[in-house]
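Colleague: Need a 3D model of the following:
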Amino acid sequence: MFGQVVAGLIILVRTAGWLQGMELTLLYDQLRVAWAGTQRSDRILLVGLTEQDLEADDHGNRRWGYPIPDAALAQLLERLASRQPRAIGVDMYRDAPVPPGSPDLWPVLQRHQNIFWVFKMKGDESHPGIRAPQPLLGTDRAAFADLVEDPDRVLRRALLFADDGTSQYTSLAMALAQSYLLREHISLRGGDGDRLELGKSVIHPLERSRGPYADIDDRGYQTLIDYRGGRQPFDEVSFSAVMDRDDLAPLVRERIVLVGYDAESIKDSFATPFGAVPLAGFAVHAHIVDQLVRAALRATPFLTGLPHGAEDLLLALLAVGAAFAGLNLRSRIWAAGVIVAGVVGFTGFAYAAFGVGWWLPVLPAVLIWLAVAGGLSVWEFAVLERLRRQGRQLRRLQLLASGRELLLLGSVDEESGLEDDFEGRRSKAIEELLAALAAVNPTLADWKDDQEAP
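Modeller: Predicted coordinates for the structure are as follows:
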């Protein structure tokens, strides 16, 4: 009964979302970092507009300026496209021309059909959205760049598809991944229910209360980012390097190229499970693209979990097992060993499951195990210790009472002459007996006076 009450309370606390922050920061992020590895990706090249690209010269002039003029972007994209990448994604908003050179940019976009550009989805009245460049409006080469942050401002989820109530739109990462996979004759298909099949993998949509989340905004089609390879496993060159160097063709050919901002002065970065150092937005898109392509080609699993109802049933069964263990551990050493082994076992099993794409509710499981198994074993030891102490006291009283009776019955006649100082020795023994009795039970302190009364 105790175990079920504890399990019910922890399940209620988790359902209310009070454990979500702890599950994400203490477990999910640590597991994500542990399984990320350090393998670099050879499918993606980042072209970043860095602080060095924006720095002013001795005369206060900047080579490129901010925002980047259309002429510079046109030249950059033409140079990249000539090196035969599979796809180019531009993570810079450009809803209006930025002269000079606007007439040069539009023909580049029309000429190279593998260039994708971002827009921002419309929200409420205070978030009207940002359009894609004019030549790409209404085409599948206009892709949204919106990313979904958790309440702690950490980016763990990818938004693959979204709609505004009338139309459905594709994210930049999904658009680039599909373009890349066309060469592999792989396309996105609908699967069972709301699942999607992409090559060798099946994508499960992230639901409102599944995995480490208790209650999230699950609008659109979301999945968890695996950040494989670590925080930044991609080759990166600067804007200036692409414009000035002619030896970058091997880095560009057959790859996905993402162009974006990588300058601290331009606020386009996000916190990730890898710590406080933010990651540039276009690098986050690169992680999502890499995950989608890797899943399609190598069947890398997308992390999923059991419905919370199934998890709650497992937690209730765990509480029964924890209660049985707590009530049957008779040794403190064994109890400590079993409890520690349970925590280590749960954590290790959750670590292994995470590696193959399954999220397990290890935090509530550990809390139930500690509260039920640990609490009942402590209570059991306290009860046993009290019984032992009472037993020792009872035996002592019995022994002392027996001693008193023997002393009284063993008294001999003073006139026998067998023991001249017998009376003094007997009185001393009785006094010692009474002192011992009084130490065990203070109510016996007046027994001597009662015995000596006429």
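
Colleague: count of residues packed around S41?
Modeller: The number of residues packed near S41 is 21, by other Cβ atoms under 10 Å. From N, CA and C alone the C-beta is placed, and that goes for glycine too.

Colleague: next one: phi and psi at it?
Modeller: Main-chain torsions, S41, degrees, to the nearest 10: phi -100, psi 130.

Colleague: could you measure it against E236, distance?
Modeller: As judged by Cβ to Cβ, to the nearest Å, S41 and E236 stand 11 Å apart.

Colleague: One more: P361?
Modeller: Distance from P361 to E236, counting by Cβ to Cβ: 38 Å.

Colleague: swap in V90?
Modeller: Relative to E236, V90 is positioned 15 Å away (Cβ to Cβ).

Colleague: for Q39, same thing?
Modeller: Separation of Q39 from E236 (Cβ to Cβ) stands at 16 Å.

Colleague: Name the residue in the two with the higher neighbour count.
Modeller: Neighbours were counted for Q39 and for E236 using other Cβ under 10 Å; E236 has more, 19 against 10.

Colleague: show me the contacts for the more buried one.
Modeller: Going by Cβ atoms under 8 Å, 6 or more residues apart in numbering, E236 touches 45-48, 262.

Colleague: For stretch 71-89, buried residues please.
Modeller: Neighbour counts using 16 or more other Cβ atoms under 10 Å place 71-77, 79-81, 83, 85-89 of stretch 71-89 among the buried residues.

Colleague: Which two of those residues have the greatest separation?
Modeller: Across the buried residues of stretch 71-89, the longest distance by Cβ to Cβ is 25.6 Å; it joins A71 and R86.

Colleague: coming back round to it: in a markdown table, list the contacts of E236 along with pLDDT and neighbour count.
Modeller: What follows is the contacts of E236, written out as a markdown table (pLDDT from 0 to 100; neighbours: other Cβ atoms under 10 Å):
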| residue | pLDDT | neighbour count |
| --- | --- | --- |
| L45 | 98 | 25 |
| L46 | 98 | 22 |
| V47 | 98 | 28 |
| G48 | 96 | 21 |
| D262 | 94 | 23 |
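
Colleague: Just the ones in strands from those residues, please.
Modeller: Members of the contacts of E236 lying in strands (criterion: DSSP state E): 45-48.

Colleague: Format those as TSV; extra columns: distance to L313.
Modeller: Conversion of those to TSV gives the following (distance: Cβ to Cβ, whole Å):
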residue	distance to L313
L45	48
L46	45
V47	50
G48	48
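
Colleague: Relative to R156, which of the residues you listed is nearest.
Modeller: R156 lies nearest to L46 out of those, by Cβ to Cβ, at 20.8 Å.

Colleague: tell me which element the closest residue to the closest one other than its chain neighbours falls in.
Modeller: Excluding its sequence neighbours, the residue lying closest to L46 (Cβ to Cβ, 6 or more residues apart in numbering) is E236, at 4.0 Å. Using DSSP states H and E, E236 sits within strand 235-238.

Colleague: remind me which residues of this protein are low pLDDT?
Modeller: Counting by pLDDT under 70, the chain contains low-confidence ranges at 56-62, 330, 378-388, 390-454.
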